[in-house]
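Participant: next come a sequence and a model predicted from it.
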Amino acid sequence: MNATTASSAGSRQALGPDAEVVVVGGGHAGAAVVAQLRSQGFAGELVLISAENGLPYHRPPLSKKALLEGADMASMSLRPESWYVTHRVTRHVCATVTGIDRAARRVHLQSASAPESMTYDALILATGSAPRAWTDPVTGGDALGLADGVHVLRDFDDAVALRAALLACDHLVIVGGGYIGLEVAATARALGCEVCIVELAPRILQRVAPEATARLLRQLHQSHGVQIFEGAQVVVLQREGKKISSVRIQTAEGPLRELQADLLLAGIGAVPRDALAKACGLEVGNGIVVNAHGQTEDPAIWALGDVARHRDQSIRIESVGNANHQAALVAAALMARPEPLPLVPWFWSDQYGGRLQIAGLWQPADRWVERQEGAQGRSIWSYQGPRLVAVDAWQAPGAYVLGKKWLETGQYPPSEWLANQDHNLKDWVPQALSGVAS
Ligand code: FAD
């Protein structure tokens, strides 16, 4: 073991060639941080521990193409096996880190093949998030084990099981009208299932998108025959033998309704997998709390991706773009390299062959301006006072690209300019309007 660990990002002392870095979690963030460390010149020992089997893979297709066409691990892998060999990354799969001994700088593992424990100079926690448990309305227990036919979607194995169930399904009920629920609804319709979405909040996408985006997607789903119940909740889950047969919901209007269901997907969000950090005394609270460099209060422990929360922010960002950006940040801090430019968060969602692209972060109090983009497209621009904070672009890649650039440069038109449908987005010239928006 070598003591040349970067003791804090501020000290800017790079990891030496004898240092050992252990990364827990082989998802987007874990895979990205090992790649970043190597590309930024780290020459020491690099270990990637994953509770899952196989190579790190793209998670977004699990609710999209892979669910529709069948999950194929080979085409979903982020990098081939040979990359890890060439870049001297030791991978342990089906290996779960069960404890962290901070004083000894050692992690403990449960695995059939990996060592029982290993030491580190820098430990990077990239444990991601897990589906929020949906509790049975009657017993209050986790509904997952309650009946056959109740699913969640997070991992490759979940997608394989869900697809098999969808192929045999007539009636799917999705609890939760977030992006994953909506994407699965679109896929399920393409596979021939009847679909109902039951959303507890007054509207779908309540936490993540403006009403205009929700309206657009609601209409899209309804035009494809999906029934959406907003402000509604499942009150009873009915079974025939062990198998789910229907759910009774309390509708927003009051009356109870019975929905046939031979399959139910609980898609009610995700919670950070921060138990390891909590158990070893690190600060957690809606994720592992980190500073602007991704470092926890322990200078030898870092966290990134879905599991990490910046100490000045109340929300965690769950996206591939964020995982990749934080990987670059953490690697730069560990290698005493210049940091990447700040990220404008971005996200996408594919539904019924169309694509929604989002840049920036929308907040519930924002006002928005909506525009038609060509025959099929729409763009929705969210403002906080005079400040542009997000663009949601449906079938409008040009608006997304411009909006992202505007957010990155901080130069954008005022909302009144965008509200004029006669204005062409490409015609806005920053210099001409400088000082109008800031
Ligand atoms: P994960 O990818 O979840 O990886 C964490 C890994 O850590 C997992 O393999 C887990 O098994 C492992 N692990 C956890 N605990 C331990 C332990 N103790 N020991 C060892 N290993 C452990 N984002 C987008 O930007 N666009 C999309 O369209 C999009 N679609 C999505 C669709 C689905 C169905 C899902 C589930 C997510 C989607 N996301 C999308 C979100 C995106 O996939 C996540 O933000 C991203 O995967 C986060 O990467 P991560 O490495 O932090 O976590």
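Facilitator: That came in fine, so what should we check first? Values in this document were obtained by computation on a predicted structure and should not be read as measured data.
Participant: phi and psi next, for whichever residue of the stretch 251-400 of the chain sits closest to the ligand.
Facilitator: Of all residues in the stretch 251-400 of the chain, residue 305 sits closest to the ligand, at 2.2 Å by CB to the nearest ligand atom. The way it works is simple: take the backbone N, C-alpha and C, and place the C-beta from them, glycine included. Phi and psi for residue 305, reported as degrees, to the nearest 10, are phi 80, psi -160.
Participant: just confirm it contacts residue 29, I think it does.
Facilitator: Yes. Counting by CB atoms under 8 Å, residue 305 touches residue 29, with 2.8 Å between them.
Participant: overlap in contacts, these two.
Facilitator: With contacts taken as CB atoms under 8 Å, 6 or more residues apart in numbering, residue 305 and residue 29 have 126, 128, 323, 326-327 as neighbours in common.
Participant: from those residues, which is closest to residue 236?
Facilitator: residue 128 (32.4 Å; CB to CB).
Participant: measure that closest one to residue 78 for me?
Facilitator: As judged by CB to CB, to the nearest Å, residue 128 and residue 78 stand 14 Å apart.
Participant: looking at these two now, which is surrounded by more residues?
Facilitator: residue 128 (24 against 18; other CB atoms under 10 Å).
Participant: any chance you could map the strands in the stretch 51-200 of the chain?
Facilitator: 89-92, 96-101, 106-110, 117-119, 122-125, 129-131, 150-151, 171-175, 194-199 (DSSP state E, counting those that start in this stretch).
Participant: correct me if wrong, but residue 407 is in a strand.
Facilitator: No. Residue 407: not assigned to a strand; according to DSSP: H, G, I helix; E, B strand; the rest coil it is helix.
Participant: hang on, the earlier thing: contacts only, for the residue of the stretch 251-400 of the chain closest to the ligand.
Facilitator: Taking CB under 8 Å, 6+ apart as the test, what residue 305 contacts is 25, 27-30, 126, 128, 322-323, 326-327.
Participant: also residue 25?
Facilitator: 49-51, 125-128, 273, 305, 307.
Participant: can I get the lengthiest helix in the chain as PDB, trimmed to CA atoms?
Facilitator: Longest helix of the chain, by residue count under DSSP state H: helix 320-334. What follows is helix 320-334, C-alpha atoms only, in PDB (Å, rounded to 0.1, in the frame of the first residue of the first chain):
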ATOM      1  CA  VAL A 320     -25.800   8.700 -17.400                       C
ATOM      2  CA  GLY A 321     -24.500  12.200 -18.200                       C
ATOM      3  CA  ASN A 322     -24.200  13.000 -14.500                       C
ATOM      4  CA  ALA A 323     -22.400   9.700 -13.700                       C
ATOM      5  CA  ASN A 324     -19.900  10.300 -16.500                       C
ATOM      6  CA  HIS A 325     -19.300  13.900 -15.500                       C
ATOM      7  CA  GLN A 326     -18.800  13.000 -11.900                       C
ATOM      8  CA  ALA A 327     -16.300  10.300 -12.900                       C
ATOM      9  CA  ALA A 328     -14.300  12.900 -14.700                       C
ATOM     10  CA  LEU A 329     -14.500  15.200 -11.700                       C
ATOM     11  CA  VAL A 330     -13.300  12.500  -9.200                       C
ATOM     12  CA  ALA A 331     -10.500  11.300 -11.400                       C
ATOM     13  CA  ALA A 332      -9.300  14.800 -12.000                       C
ATOM     14  CA  ALA A 333      -9.200  15.500  -8.200                       C
ATOM     15  CA  LEU A 334      -7.400  12.200  -7.500                       C
END
